[in-house]
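A.B. asks: Sequence first, predicted model second:
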Amino acid sequence: MSELSKEAEDYLKNHGLCVFATGRKDGSPQQSLLGYQFDGKEFLLGGQVTSFKMKNLRRNPKASLTVVDGRGHVVVYGTCELVEDEAEMAKLQERFGPRAAPPGQEPKPGDPPPPPRPAMGPRMNILFKPDKYLYNRMTG
């Protein structure tokens, strides 16, 4: 595994949104914008059990994620473990700590409230174990 510098580790810990890529059945990439948590060694992501990314990962556990901020970026390649068991998911959440709210735009004064989000189906965790890191220009 390629080594992760302290600068890159801090960059990953201080962000929380990534482009997560898996492989479709036909070999083409499937990308999703996802929130993540990083403990310095592994990433915790999640999603609905029935999502395309979960179907892709059941077939092929290899994936990549990219965190971009301006021209700075970190690309991570690795292998995923899917975790469906509620007790195991609770242990992972305890290990990684509380989830931050997803980034979003602040409403402007006078804007109507956003519509309610649709109910989500059953959820699953993705424990992403890095094999390789590529990074550049993390400070601008």
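C.D. replies: Happy to help now that I have it. Numbering: from 1, shown residues only.

A.B. asks: which of the residues in the longest strand belonging to the chain are buried?
C.D. replies: Ranked by residue count, the top strand of the chain under DSSP state E comes out as strand 123-136. Neighbour counts over strand 123-136 (16 or more other Cβ atoms under 10 Å) mark Met124, Asn125, Ile126, Leu127, Phe128, Pro130, Tyr133, Tyr135 as buried. For every residue, glycine as well, the C-beta is placed using N, CA and C.

A.B. asks: roughly how far out does it sit from the chain middle?
C.D. replies: Put simply, strand 123-136 sits 7 Å off its chain's centre (Cα atoms, centre = their mean, to the nearest Å).

A.B. asks: Give me the pLDDT value at the residue lying farthest from the centre of the chain.
C.D. replies: In the chain, the greatest distance from the average C-alpha position (Cα atoms, centre = their mean) is reached by Gly110, at 33.1 Å. For Gly110, the model assigns a pLDDT of 83.

A.B. asks: Ramachandran angles for it?
C.D. replies: Backbone geometry at Gly110, expressed as degrees, to the nearest 10, gives phi 90, psi -10.
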